[in-house]
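Asks: let's see this in three dimensions:
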Amino acid sequence: MAKTKIVILDTHDPWWNLSVEEYLLDRVEEDEYILYLWQNQNTVVIGKNQNAWRECKNDLLEKEGGKLARRLSGGGAVFHDLGNLNFTFLVNRKNYDLTRQVKVIQKAVLKAGINCEMTGRNDITVDGKKFSGNAFCFRKSNAYHHGTILVSVDMSKLSRYLQVSDEKLKSKGVKSVQSRVVNLSELNPDLTIEKMIQYMSESFEEEYGKAEEIIYGTESMDHKILEDLYKKYSSWEWRYGETPKFDIELSQRFQWGGVDIGLQLEKGIIKKASIYSDAMDEQFIESLPAVFEGCLFKSDCIADKIRKTPVEDHRKEMIYDIAQWIHEKGF
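Replies: Here you go, the predicted structure:
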């Protein structure tokens with residue numbers, strides 16, 4: 001018998017909210033569906049494999065009271081303020097159904113009188129303008145799908161804090177971040193965050209059944225575990241990571257995401273590789289450094305090793321693209 005639960009937090013600290021998200025991910029039961037709704041104040045959240053220094057104007061953000069956070073999922077950097085509602089669907093992997101999860105969002109937005117559609121791999125749009133970016137995390141048993149719903153975000157902060165490369169804008173055929181996003185309140189001036197929470201909760205129950213529990217806050221959770229998670233999410237190591245000095249830096253944007261590769265060499269051999277990316281498949285990106293390390297710094301040798309790396313079918317395009325790019329570099 002399936003169980004449904006809605007968790008709503010009133011804290012606006014991104015490190016705490018992400019701690020709760022991972023806590024729920026680790027504990028969602030086999031036949032349980034959880035909708036988690038949360039907000040961050042003045043926050044830039046980067047994908048698991050992104051380079052914090054390249055994605056965000058960190059000094060400016062922190063000087064103005066903001067926070068940098070790093071999530072478990074892949075994808076690109078986003079700005080959150082209290083005009084944005086975050087959602088997370090948490091399920092057992094066998095119950096993961098992106099179409100069904102997106103349907104909840106579409107029905108919620110329709111309750112506000114707005115029609116929307118899923119476009120590309122991770123955006124939900126209205127008339128070609130994005131109001132929701134989505135990302136995904138898969139563990140051995142459980143998974144989550146989370147994203148944003150822009151209701152009345154301060155759009156000026158997007159370009160103020162985010163550093164978007166010209167290559168990324170060019171690949172999307174737009175001149176700025178602001179030109180391709182929209183607040184839902186522009187389409188329905190009466191829409192508020194409180195109404196969006198109500199619509200999301202109603203749509204979730206219509207799709208998955210009446211919630212057995214609607215939990216406000218974290219009183220029922222193990223705070224010792226949450227505090228340990230908070231230490232991780234708030235730590236310098238997790239948010240910024242190691243930024244060693246590289247002998248070689250390579251950068252390229254593909255249809256599925258951008259890749260920045262930093263290599264440290266010793267006697268012509270790749271001693272260490274660091275790879276940053278806004279690709280959605282965070283596990284694939286995390287596996288790449290091991291492919292480079294120990295290889296001769298010769299493009300043919302590296303490309304050949306990449307091509308021979310065994311991967312699942314859905315990752316073959318990425319392997320081919322990277323191998324072809326390295327081969328064409330001709331070093």
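Asks: where does pLDDT dip in the stretch 151-300 of the chain?
Replies: Counting by pLDDT under 70, the stretch 151-300 of the chain shows low-confidence ranges at 165-179, 242-244.
Asks: recalculate using a threshold of 90.
Replies: Within the stretch 151-300 of the chain, the segments meeting pLDDT under 90 span 158-159, 163-180, 241-245.
Asks: do a quick rundown of the helices in it.
Replies: Secondary structure of the stretch 151-300 of the chain by DSSP state H, counting those that start in this stretch: the helices cover 156-161, 166-172, 193-208, 223-234, 236-239, 282-292, 299-307.
Asks: quick check: buried residues in stretch 277-289?
Replies: Across stretch 277-289, burial judged by 16 or more other Cβ atoms under 10 Å covers 277-282, 284-285, 288-289. Placement of C-beta: from N, CA and C, glycine included.
Asks: ok, stretch 310-323 next?
Replies: Buried, per 16+ other Cβ under 10 Å, within stretch 310-323: 315, 318-319, 321-323.
Asks: compute the first-to-last residue distance for it.
Replies: Stretch 310-323 has its terminal residues 13 Å apart, counting by Cα to Cα, to the nearest Å.
Asks: what comes into contact with that stretch?
Replies: With Cβ atoms under 8 Å, 6 or more residues apart in numbering as the contact definition, stretch 310-323 has outside contacts at 254-256, 259, 279, 281, 284, 288, 303-304, 306-307, 309.
Asks: of those, closest to Thr43?
Replies: When the contacts of stretch 310-323 are compared for distance to Thr43 (Cβ to Cβ), Ala279 wins out at 21.9 Å.
Asks: mind checking how far the nearest residue to the closest one once chain neighbours are set aside is from Leu9?
Replies: Nearest non-adjacent residue to Ala279, counting by Cβ to Cβ, 6 or more residues apart in numbering: Gly257, 3.3 Å away. Per Cβ to Cβ, to the nearest Å, Gly257 is found 30 Å from Leu9.
Asks: who's more crowded, the two?
Replies: Gly257 (23 against 19; other Cβ atoms under 10 Å).
Asks: beta partners for that one?
Replies: Applying DSSP bridges to Gly257 gives these bridge partners: Phe254.
Asks: touching, it and Met280? I think so.
Replies: Yes: if you go by Cβ atoms under 8 Å, Gly257 and Met280 touch, sitting 6.9 Å apart.
Asks: tell me the one among the contacts of stretch 310-323 nearest to Arg70.
Replies: Set against Arg70, the nearest of these by Cβ to Cβ is Ala279 (15.2 Å).
Asks: now for that closest one: which residues touch it?
Replies: By Cβ under 8 Å, 6+ apart, the residues touching Ala279 are 49, 74-75, 256-259, 285, 318.
Asks: one more time with 6 Å
Replies: By Cβ atoms under 6 Å, 6 or more residues apart in numbering, the contact set of Ala279 is 74, 256-257, 285.
Asks: and the strands in this structure?
Replies: 3-8, 32-38, 43-46, 67-70, 78-80, 84-92, 117-119, 123-126, 129-138, 142-150, 213-216, 248-254, 257-266, 269-277 (DSSP state E).
Asks: can you list the residues that contact the last one?
Replies: Think strand 269-277. With Cβ under 6 Å, 6+ apart as the contact definition, strand 269-277 has outside contacts at 49-51, 257, 259-264, 285, 288-289, 292-293, 295, 297.
Asks: so which bits of that strand are buried?
Replies: Buried residues in strand 269-277, counted by 16+ other Cβ under 10 Å: 270, 272-277.
Asks: coming back round to it: nearest to Gly209, of the buried residues of stretch 277-289?
Replies: Out of the buried residues of stretch 277-289, the member with the shortest distance to Gly209 (by Cβ to Cβ) is Met280, at 29.2 Å.
Asks: any stretches of the stretch 1-150 of the chain with poor pLDDT?
Replies: 1-2, 53-54, 120-122.
Asks: one more pass at 50, please.
Replies: Applying pLDDT under 50 to the stretch 1-150 of the chain picks out no residues at all.
Asks: sorry, back to before: Ala112: which of the helices of the stretch 151-300 of the chain is closest?
Replies: Nearest of the helices of the stretch 151-300 of the chain (Cβ to Cβ): helix 193-208, 6.2 Å.
Asks: got the angle for the closest one vs strand 142-150?
Replies: Counting by axes from the mean of the first three to the mean of the last three Cα atoms, to 10 degrees, helix 193-208 lies at 140 degrees to strand 142-150.
Asks: for helix 193-208, give me every contacting residue.
Replies: So helix 193-208 is in contact with 4, 6, 33, 35, 37, 85, 104, 107-108, 111, 149, 151, 211, going by Cβ under 6 Å, 6+ apart.
Asks: and those, which are buried?
Replies: 4, 6, 33, 35, 37, 85, 104, 107-108, 111, 149, 151, 211.
Asks: same list, these, but as CSV with distance to Arg93 please.
Replies: Formatted as CSV, these follow (distance: Cβ to Cβ, whole Å):
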residue, distance to Arg93
Thr4, 17
Ile6, 21
Tyr33, 13
Leu35, 17
Leu37, 22
Leu85, 25
Val104, 18
Lys107, 24
Ala108, 24
Lys111, 29
Ile149, 24
Val151, 31
Ala211, 21
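Asks: thank you, goodbye.
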